[in-house]
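>>> What follows is a predicted structure for the sequence shown.
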Amino acid sequence: MTVYLVRRLLQALLVVFAMSVIVFVGVYAIGDPVEILISPDADQIERERAVQSLGLDLPLWHQYLVFLGNALQGDLGRSFVFNEPALKLILQRMPATLELAFGAMFISIVVGLPLGLYAGLRPNSPVSKTIMAGSILGFSLPTFWVGLMLIMVFAVQLGWLPSTGRGETATFLGVQWSFLTLNGLSHMAMPAINLALFKISLVIRLTRAGVRETMLMDYVKFARAKGLSPARVTFVHVFKNILIPVVTVVGLELGSTIAFSVVTESVFAWPGMGKLIIDSINVLDRPVIVAYLMIIVLMFITINLIVDLTYSLLDPRVRLEGKGA
């Protein structure tokens, strides 16, 4: 276990370094933020002063070395627009995105696992066929269109749910959370469901495929031959063995949900990291863009490590020491 963790941490450092170079060069090679931040009526002296104050007069490699040195000290740059540390801005918005992402994944697991399990156990029933047809819609419908339809139906026509904003929040561990209040939950419902639709379809199809494959295994046949009840066969021998691929996909999808919740946050005016990055891209606020992308990289690396460690808990046959072979 120790050798595996050390190896993974070294790999993570190399990935973070490589991604920092790619992200920094990619973002800083596109556009000129001075053209957006400075008034068109400004003279050349004011423009040069702005370029020097932002550190844009240095060569690209020098800018990267300055960024890398500051990043090692926990400083990912200062926002051109807000004149605040980029990391601070992102951390202020992170709780809103995290609770939305975790809410969406919770919905996808609670809804997708039972439906996928039923569809796998009874593949030819009309209900199973309906479930699988519905999962195709979840894959096919665009997120922004579903969000607009949810607002039109449940907010405009029925008036059941608020359409935008985060609602009332409550403080827990020094952080503001919406899910701790009823008003916050009502604001969170539609964007979380909108984010969860694709994930529900994914979990349904993955669970169904796992069940269909596992039901043909010898150990399941032996369990039935021993006279075990269908419930015990399903939840002890079948369900446990399909969790490994489900955990893998759900873990990776959690990272992608956090990273790509931009559309949902924009549609529902949810004040999270996604909305911040869209606003930053519009004004070429480079430090915020780079800081956001680096935090997303760290999140993906951490989630992948947690998923790998979970393997050994779900199936002792998985040996972490042998993964590098």
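Cool, got the structure.
>>> got any ranges where the stretch 1-150 of the chain has weak pLDDT?
Along the stretch 1-150 of the chain, segments meeting pLDDT under 70 span 1, 4, 29-44, 46-47, 50-57.
>>> If we use 90, what do you get?
1-102, 105, 109, 112-114, 116-129, 131-147 (pLDDT under 90).
>>> those helices in it, which residues are they?
Counting by DSSP state H, counting those that start in this stretch, the stretch 1-150 of the chain has helices at residues 2-28, 33-37, 44-53, 60-71, 86-121, 126-140, 143-150.
>>> Show me what counts as buried in stretch 95-107.
95, 96, 97, 98, 99, 100, 101, 103, 104, 105, 107 (16 or more other CB atoms under 10 Å). (Glycine included, C-beta is placed from N, CA and C.)
>>> which other residues reach that stretch?
166, 175-179, 188, 191-193, 195-196, 199-200, 250, 253-254, 257-258, 261, 264-265, 270-274 (CB atoms under 8 Å, 6 or more residues apart in numbering).
>>> Quick one: buried ones out of these?
Neighbour-count burial (16+ other CB under 10 Å) is assigned, among those, to 166, 176-179, 188, 191-193, 195-196, 199-200, 250, 253-254, 257-258, 261, 264-265, 270-274.
>>> Straight-line length of stretch 265-282, end to end?
Using CA to CA, to the nearest Å, one end of stretch 265-282 lies 16 Å from the other.
>>> Touching it from outside, list them.
Contacts with stretch 265-282, where a contact means CB under 8 Å, 6+ apart, come from 79, 81, 89-90, 93-94, 96-97, 100, 143-144, 147-148, 151, 163-166, 190-191, 194, 258, 260-264, 285, 288-289, 292.
>>> Among those, name the buried ones.
Applying 16+ other CB under 10 Å to the contacts of stretch 265-282, the neighbour count classes 79, 81, 89-90, 93-94, 96-97, 100, 143, 147, 151, 163, 166, 190-191, 194, 258, 261-264, 285, 288-289, 292 as buried.
>>> Contacts only, for residue 23.
By CB under 8 Å, 6+ apart, residue 23 lies in contact with 290, 293, 294, 297.
>>> for those residues, which one is nearest residue 73?
residue 294 (14.0 Å; CB to CB).
>>> got the angle between the helix or strand encompassing the closest one and helix 2-28?
Element membership of residue 294, judged by DSSP states H and E, is helix 286-314. Using axes from the mean of the first three to the mean of the last three CA atoms, to 10 degrees, the inter-axis angle of helix 286-314 relative to helix 2-28 is 160 degrees.
>>> Quick one: list the elements packing against helix 286-314.
Using 3 or more CB pairs under 8 Å, 6 or more residues apart in numbering; DSSP states H and E as the contact test, the elements touching helix 286-314 are helix 2-28, helix 86-121, helix 239-259, helix 273-282.
>>> for those, which one sits closest to residue 61?
Relative to residue 61, the nearest member of these by CB to CB is helix 2-28, separated by 9.3 Å.
>>> Name the nearest residue to residue 303, sequence neighbours excluded.
Leaving aside its chain neighbours, residue 303 sits nearest to residue 255 (4.7 Å; criterion: CB to CB, 6 or more residues apart in numbering).
>>> show me the contacts for that neighbour.
So residue 255 contacts 296, 299, 300, 303, 304 (CB under 8 Å, 6+ apart).
>>> What is the nearest of the residues you listed to residue 246?
Among the contacts of residue 255, and counting by CB to CB, the member closest to residue 246 is residue 303, at 14.6 Å.
>>> Number of residues surrounding the closest one?
For residue 303, the count of nearby residues is 18 (other CB atoms under 10 Å).
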